[in-house]
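Novice: Structure of the sequence below:
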Amino acid sequence: MAAGNTYEAIATNTTTALAASVTFSSIPGTYTDLVLVCEGIGTGDAYPYIQFNGDTGTNYSSTQIYGDGATATTSRRTNDSKIDAVIWRTTGRNNIIANVMNYSNSTTFKTFLMHGNNSSQYVQTTAGLWRNTAAITSLTVFAQYVNFAVGCNFSLYGIKAA
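Specialist: Sure, this is the predicted structure:
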């Protein structure tokens with residue numbers, strides 16, 4: 001990101017009921033990058049994941065590093081149908097910040113970098129690739145196995161070149 005770029009809010013969603021997913025659609029192609037910020041808890045141990053443009057094909061690859069203060073582990077996923085985010089616990093606050101670079105470019109695959117943590121247990125970083133040249137026009141965050149609790153905040157920002 002070049003100096004002088006600014007964040008502009010595209011959309012915000014705060015859950016007012018239990019939610020299995022949150023979707024941002026009709027994302028304008030006028031920014032250089034996207035930033036997704038999620039904060040809240042699950043109704044049980046949630047395993048959030050993200051998909052672009054409703055793509056459920058095996059077009060995602062990622063590498064994760066995870067640490068809890070005592071142990072660090074890594075994992076690699078190829079030909080996956082989603083981007084796995086950080087586990088959301090029912091205790092402590094859970095946060096995810098995902099950066100999607102060059103999201104509106106229609107000639108290259110999309111790369112992303114995601115950081116997440118639970119305030120009392122762990123931290124995780126994920127780097128990956130969506131193997132599709134389509135511009136990203138929608139993004140959905142799913143809560144696998146359980147729901148996002150009431151009061152979870154999801155915000156999508158665009159990075160606008162100065």
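Novice: for this protein, where's the lowest mean pLDDT among helices and strands?
Specialist: Every helix and strand in the chain was compared by mean pLDDT, DSSP states H and E; the lowest is strand 83-84, with a mean of 86.
Novice: Given that one, what are its sheet partners and their directions?
Specialist: strand 47-52 (antiparallel) (DSSP bridges).
Novice: Pull out the buried residues from the following helix or strand past the partner strand.
Specialist: Later in the chain than strand 47-52, the nearest helix or strand by DSSP states H and E is strand 60-67. Buried residues in strand 60-67, counted by 16 or more other Cβ atoms under 10 Å: Tyr60, Ser61, Ser62, Gln64, Tyr66. From N, CA and C alone the C-beta is placed, and that goes for glycine too.
Novice: got CSV for those, with distance to Asn95 too?
Specialist: Shown next, in CSV, are the buried residues of strand 60-67 (distance: Cβ to Cβ, whole Å):
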residue, distance to Asn95
Tyr60, 21
Ser61, 24
Ser62, 18
Gln64, 16
Tyr66, 15
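Novice: Brilliant, that's me finished.
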